[in-house]
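*Asks:* return a 3D structure for these sequence lines:
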Amino acid sequence: MTPHQQHHHDGDEVEIFDRGLRFDVATLIDRRRALKLIGAAGLFGIVACGTGTGATTTLATPSPTDGASSTTTGASSTTVGAGSETTGSCEVVPEETAGPYPGDGSNGPNVLDDSGIVRSDIRSSFGESSGVADGIPLTIGLTVQDAANGCAALAGAAVYLWHCDREGNYSMYSEAAAGENYLRGVQQTDGSGVASFESIFPACYPGRWPHIHFEVYPDVASATASENKIATSQIALPEGACQLVYATSGYERSIETLSQVSLAGDNVFGDGWEQELGTVSGDVGAGMTVELTIAI
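*Replies:* So this is what the prediction gives:
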């Protein structure tokens with residue numbers, strides 16, 4: 001049973017939580033329509049600053065698809081990713097849906113007002129929950145920059161980040177993880193604008209490309225409810241990295257699912273993923289790191 005098919009014990013929550021993929025699409029349309037209006041008015045939006053060659057992943061892996069890759073000849077590695085070259089200017093990236101499982105109070109429970117949510121290691125649950133999410137270790141580094149200040153590092157902002165577990169379940173919502181709150185956390189950006197999390201590589205579940213959700217808030221004090229957020233988006237994980245991880249024990253369900261989805265066909269990334277595709281390094285033995293730079 002996938003997150004979009006699961007039922008919940010609270011009768012009032014079933015009607016809200018089980019909107020699944022349809023909810024994603026409807027919310028996405030509303031958000032992108034709003035983003036276009038904001039862009040036309042010349043107001044600020046969420047943007048990504050170029051890093052020269054764009055988001056890439058260099059891993060020993062079969063050549064990926066979706067037109068977002070290039071294979072290095074004469075070597076045993078494949079460069080996966082996409083991105084456009086820039087010369088110090090910021091590029092706007094789409095504001096994305098938070099989806100049906102945000103845990104920020106906008107669709108059911110709110111974990112942001114719980115003591116313990118501000119943490120860097122999000123692999124375990126906290127408070128009255130004690131579950132731990134198993135999987136290939138993944139360090140997630142999100143660099144936040146200030147678009148109004150020449151893409152300077154935005155220190156002191158807060159990033160709320162969440163994603164599904166190795167089985168494709170979302171804590172607090174999916175039946176198998178309803179009593180947990182793992183794989184959710186808030187971090188303040190440091191002097192370099194970086195918010196870093198220790199997590200696990202998420203699954204690929206039916207209907208979506210592998211991804212990580214995040215919201216940006218002005219500061220930690222305001223990161224207590226969704227109405228205070230100033231940006232919402234998602235990190236797309238490169239196919240090469242996904243193939244390596246999903247070939248390991250515990251991710252068996254994701255192997256077949258990954259073969260049935262694509263970046264081009266995804267309801268979030270399908271209209272352009274270049275500025276949302278993370279850079280992945282490392283290996284399945286020692287763990288991996290995914291990084292993305294954005295500006296707001």
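*Asks:* distance of A295 from W273?
*Replies:* From A295 across to W273, the span is 17 Å (Cβ to Cβ, to the nearest Å). All C-beta atoms are positioned from the backbone trio N, CA, C, and that covers glycine.
*Asks:* what pLDDT, on average, does the strand or helix carrying E256 get?
*Replies:* Using DSSP states H and E, the element containing E256 is helix 252-258. Average pLDDT, helix 252-258: 97.
*Asks:* can you list the strands that the following helix or strand past that helix pairs with?
*Replies:* Where DSSP H and E defines the elements, the next helix or strand beyond helix 252-258 is strand 279-283. Strand 279-283 sits in its sheet next to strand 287-295 (antiparallel), going by DSSP bridges.
*Asks:* quick one: A177 and S171 touch, right?
*Replies:* Yes - counting by Cβ atoms under 8 Å, A177 does reach S171; the two are 4.6 Å apart.
*Asks:* who touches both of those two?
*Replies:* Residues touching both A177 and S171 (Cβ atoms under 8 Å, 6 or more residues apart in numbering): 131, 165.
*Asks:* so the two - more neighbours on which side?
*Replies:* Set A177 next to S171 and count neighbours by other Cβ atoms under 10 Å: S171 wins out with 27 against 24.
*Asks:* contact partners for that one?
*Replies:* Counting by Cβ under 8 Å, 6+ apart, S171 makes contact with 103, 125, 131, 133, 162, 165, 177-178, 180-184.
*Asks:* A147: neighbour count?
*Replies:* For A147, the neighbour count with other Cβ under 10 Å is 21.
*Asks:* try the one 4 residues further on
*Replies:* The local packing count at C151 equals 22, with neighbours defined by other Cβ under 10 Å.
*Asks:* again, but for Y251
*Replies:* Using other Cβ under 10 Å, Y251 has 24 neighbouring residues.
*Asks:* same deal with G282?
*Replies:* Taking other Cβ under 10 Å as the neighbour definition, G282 ends up with a count of 18.
*Asks:* and the gap between it and T139?
*Replies:* Applying Cβ to Cβ, the value for G282 to T139 is 8 Å.
*Asks:* find the residues that touch each one of those two.
*Replies:* With Cβ under 8 Å, 6+ apart as the test, G282 and T139 both reach 288-289.
*Asks:* show the pLDDT at I29.
*Replies:* Looking at I29, its pLDDT is 39.
*Asks:* ignore the last one, D146
*Replies:* pLDDT, D146: 86.
*Asks:* and for the one 10 residues further on?
*Replies:* Confidence at G156, expressed as pLDDT, is 98.
*Asks:* ok, so of the contacts of S171, who is nearest G150?
*Replies:* Set against G150, the nearest of the contacts of S171 by Cβ to Cβ is W162 (30.3 Å).
*Asks:* list the contacts of the closest residue to Y246 other than its chain neighbours.
*Replies:* Nearest residue to Y246, sequence neighbours excluded (Cβ to Cβ, 6 or more residues apart in numbering): S254, at 4.3 Å. Contacts for S254 (Cβ under 8 Å, 6+ apart) come out as 168, 203-205, 210, 242, 245-246.
*Asks:* ok, of these, which one's closest to V194?
*Replies:* Taking Cβ to Cβ as the measure, V194 lies nearest P210 of those, at 22.3 Å.
*Asks:* quick check: the gap between the closest one and Y246.
*Replies:* For P210, the distance to Y246 equals 9 Å [Cβ to Cβ].
*Asks:* more neighbours, these two?
*Replies:* Ranked by neighbour count (other Cβ under 10 Å), P210 and Y246 place P210 first, with 27 against 24.
*Asks:* list phi and psi for that one.
*Replies:* In terms of degrees, to the nearest 10, the main-chain angles of P210 are phi -50, psi 130.
*Asks:* wait, what's in contact with it?
*Replies:* Residues in contact with P210 (Cβ under 8 Å, 6+ apart) are 202-204, 236-237, 242, 254, 258.
*Asks:* in helices, which of these fall?
*Replies:* The helices, defined by DSSP state H, take in 242, 254, 258 from those.
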